[in-house]
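K.L.:
Predicted coordinates and the sequence they were generated for:
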Amino acid sequence: MTEMTVGAVDKQALALRFGHAAQHYDRYARFQQDVGQHLLSLIPDGKHEVVLDLGCGTGFFLQSLQPLSEQLLALDLASGMLHQARQRHEQALFLCGDAEQLPLAAASLDVVFSSLAIQWCHSYTDLLAELYRVIRPGGYLVFATLCQGSLDELRRAWACLDSFDHVNYFVPEPQLRTWSEQQGFRCVHWESRKHGLQYQNLRDLLMGLKGIGASQVSGVRQGGLGGRERLRRLECAYEQQRDLSGFLPLSYEVCYGVLVR
């Protein structure tokens, strides 16, 4: 893979999906919360002058980030998410913007914290260049992102029905590290973890994805499920993966990184 692109992401559709999910996001986001809690433990010790929560969502981690920073910034692409975040934490400075075109001055941040947000970017070239630009020398990028292998059970089930892309593409974890280092970052911590979720039925699984706004947004798509018969066929395909404990599995491959500028 030579080009540092994630895929043809429709940013407007992405912002609308997450904005619509904002009011009930936390109800479905246990996995996202677990990932973020682990990521918080990876932030280097000490108080940092300016910290940015990049892709802050509903602001779930702002309360934990506040004591670590002199000034806390929170940025998200979806205005609906920022509305929820403001209600949760009033002390941060909130910005609506794109991670690949940050409305921030060069070398203005000491820490960028980003939990499960950068996989929605279009180009890793633009993203990493922007982050390198805004982080001060000696500052940190602390992130968690989805990598290749995520949602593979759902991908396999859909493949039994057609050749369209119903699930987002995620980059291989080793490739992400290579790109980060090529941009100029130095890696001080890197790990990959598999997180497994279990569902009683396909309806709950799909509702969980819709509830966090993470419906498919890139690739060659075919709109909707195509009716009850199509959904029934998808259920039959997914049933072939029901595990020994009687649940339908859904896996996420998460890469955790701490990089120094």
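P.N.:
Structure received. Residues are numbered from 1 along each chain as shown.

K.L.:
Quick check: the gap between the residue of the chain positioned farthest from its centre and residue 165.
P.N.:
Centroid-distance maximum for the chain: residue 229 at 31.6 Å, with CA atoms, centre = their mean. Distance of residue 229 to residue 165, computed by CB to CB, to the nearest Å: 21 Å. In this view, the C-beta of every residue, glycine as well, is placed from N, C-alpha and C.

K.L.:
just residue 207 next, same as before
P.N.:
21 Å.

K.L.:
can you check residue 77 too?
P.N.:
21 Å.

K.L.:
higher neighbour count, the two?
P.N.:
The residue with more neighbours, out of residue 77 and residue 165, is residue 77; 22 against 16, by other CB atoms under 10 Å.

K.L.:
Pretty sure that one sits against residue 99.
P.N.:
Yes: here residue 77 reaches residue 99: they are 7.4 Å apart, a contact under CB atoms under 8 Å.

K.L.:
Identify the contacts common to those two.
P.N.:
Contact criterion CB atoms under 8 Å, 6 or more residues apart in numbering; residues shared by residue 77 and residue 99: residue 55.

K.L.:
Once you drop chain neighbours, what's closest to residue 84?
P.N.:
With CB to CB, 6 or more residues apart in numbering as the criterion, residue 84 has its nearest non-adjacent residue at 4.2 Å, and that residue is residue 58.

K.L.:
Checking that neighbour next. Helix, strand or coil?
P.N.:
coil (DSSP: H, G, I helix; E, B strand; the rest coil).

K.L.:
ok, which stretches of the stretch 1-150 of the chain are strands?
P.N.:
Here the stretch 1-150 of the chain has its strands, by DSSP state E, counting those that start in this stretch, at 48-54, 69-76, 93-96, 109-115, 135-146.

K.L.:
all helices of the protein, in order?
P.N.:
11-21, 25-28, 30-40, 62-65, 79-88, 124-134, 152-159, 173-183, 202-211, 228-239 (DSSP state H).

K.L.:
Let me see the mean pLDDT of the second one.
P.N.:
Translated: helix 25-28. The average pLDDT within helix 25-28 is 70.

K.L.:
what do you get for the fifth one?
P.N.:
Per-residue pLDDT values over helix 79-88 give a mean of 91.

K.L.:
and that helix, how far out from the chain's middle?
P.N.:
17 Å (CA atoms, centre = their mean, to the nearest Å).

K.L.:
do the same with the last one
P.N.:
Per CA atoms, centre = their mean, the displacement of helix 228-239 from the mean C-alpha position of its chain is 27 Å.

K.L.:
Run through the stretch 151-261 of the chain and note the low-pLDDT ranges.
P.N.:
Within the stretch 151-261 of the chain, the set of residues satisfying pLDDT under 70 comprises 212-226.
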